[in-house]
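Student: Quick one, what's the 3D model for this:
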Amino acid sequence: MGELRRMSEMPATSHWTAKDVERIDRATAPCAPVIPAQRRVIETLDLWDYWPVQTVDGHPADIAGGTLFIALSAPILPDPDARHAVARMRLLHRVEGEWCDLGQVLPDGFSPGSREWSGSAILSPDGETITLYYTVAGVRGEVETSFAQRLFFTCAALTVQDGAIALSPWSEPVEFLEPDDVHYSRDMAGGGAVGTIKAFRDPAFFRDPADNQDYILFAGSIARSRSAWNGAVGIARHVADQEWEILPPLAEADGLNNELERPHVIMRDGRYYLFWSTQTKVFAADGPAGPTGLYGMVADRLLGPWRPLNGSGLVFGNPPSAPFQAYSWLVLPDLCVQSFADLVGLAELPRDVMQARAHFGGTPAPELRLMIDGDKAWLA
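Tutor: Here you go, the predicted structure:
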């Protein structure tokens, strides 16, 4: 009986397929409004992939009269793509639309990798501690940049005094989840080029109100796939203390798409909504491709089965006149959608790094808002 109960708690892995994507009519597909040129939040840094500090129910936490955000950051390099090799997390405070830079989240040399990638951050119910789940990329001290990706968490006390915000000290980072090479591949290299590396990154916290258990979603790659396009939405369940149980994927796109990035779940009207970001260039070369955009599925329980929103999975894409203008969308429980300004005002791929730099936004994009009704989701 115990084994049967345990088996019933496993995800019913759902599949995002070529038939789903074939339902997208690129001529009439929903798209976001064109983004005008944006004022940078920090003039000397590129910012991307940002997320708010949230309460356990997923809402942005109210801290010192505003919202704390964590963003990936890098110096303004000649090639904006080079930012991924030097990324560090940055702490920002937003109050009534105004941003304040609070510096790097973690001290120099603190993380066990060579750079820091996306994650999520949760404020404890008593408001005294923030737990940061994040991706450690590479290995500390490495000479050549590697594709290693590991999931860690660390905690810090939150203090607010006379309007000043501090997170300190951070606890020793703990690697809480590893790819099992059964469901999720340990090999991160892929082809080595942008869009071909594999995934074990982007941990997103979710507390399921159905059982009050804590889960982590993450971008993964299917182990032992025969396809070079083997993206998946992975999930793990908190078992006890610092122990997490890795589970089969919630959704996979084997043979279709290489990266289902920054996956996360919200609840609405008793249903679960799973969202992820992906790009046109990471769809399989010999299959259908959707626009770079926000995609999603809906289910009646967290562990599925899941069905594609709008019949295809596409919620909205970048507009045809600016197909690279934004990326890394995050949907919050109130249906606010946040992202960053990527290559703004370009209708075609940049011809060189100079053009890419001239058009790279490197700052938060204007927020959008969704409407949801059952198996359908659209921009308000």
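Student: any low-confidence regions in the stretch 1-150 of the chain?
Tutor: 1-8 (pLDDT under 70).
Student: ranges for the helices of it?
Tutor: Here the stretch 1-150 of the chain has its helices, by DSSP state H, counting those that start in this stretch, at 2-8, 18-21.
Student: distance of residue 249 from residue 232?
Tutor: Shown here: residue 249 relative to residue 232, a distance of 4 Å by C-beta to C-beta, to the nearest Å. Heads up, the C-betas are built off the backbone N, CA and C, glycines and all.
Student: Now the common contact residues for these two.
Tutor: Shared contacts of residue 249 and residue 232 (C-beta atoms under 8 Å, 6 or more residues apart in numbering): 183-184, 220, 222.
Student: ok, and the most crowded of these?
Tutor: Taking other C-beta atoms under 10 Å as the neighbour criterion, residue 220 ranks highest of the shared contacts of residue 249 and residue 232 with 29 neighbours.
Student: wait, isn't it in contact with residue 184?
Tutor: Yes. Between residue 220 and residue 184 there is a contact under C-beta atoms under 8 Å: 4.3 Å.
Student: Need the overlap of contacts for these two.
Tutor: In contact with both residue 220 and residue 184: 200, 232, 234, 249, using C-beta under 8 Å, 6+ apart.
Student: and of the shared contacts of residue 249 and residue 232, the nearest to residue 133?
Tutor: residue 220 (14.7 Å; C-beta to C-beta).
Student: which ones are touching the closest one?
Tutor: The contact partners of residue 220, by C-beta under 8 Å, 6+ apart, come to 179, 183-185, 199-200, 231-234, 249.
Student: again, but for residue 58
Tutor: Counted by C-beta under 8 Å, 6+ apart, residue 58 has contacts 206-207, 266-267, 332-333.
Student: Report the two of those separated the most.
Tutor: The widest separation within those (C-beta to C-beta) is 14.7 Å, between 207 and 332.
Student: Between these two, which has more neighbouring residues?
Tutor: residue 332 (19 against 16).
Student: Distance-wise, check the more buried one relative to residue 258.
Tutor: Noted for residue 332: a distance of 26 Å to residue 258, by C-beta to C-beta.
Student: repeat for residue 190
Tutor: Taking C-beta to C-beta, one finds residue 190 at 7 Å from residue 258.
Student: can you check residue 326 too?
Tutor: For residue 326, the distance to residue 258 - C-beta to C-beta - is 20 Å.
Student: The two: which has the busier surroundings?
Tutor: residue 326 (28 against 25).
Student: circling back: out of residue 249 and residue 232, which sits in the more crowded spot?
Tutor: Comparing residue 249 with residue 232 by other C-beta under 10 Å, the one with more neighbours is residue 232, at 30 against 26.
Student: element containing the closest residue in space to residue 347 that isn't next to it in sequence, please.
Tutor: Nearest residue to residue 347, sequence neighbours excluded (C-beta to C-beta, 6 or more residues apart in numbering): residue 321, at 5.6 Å. Using DSSP states H and E, residue 321 is not contained in any helix or strand.
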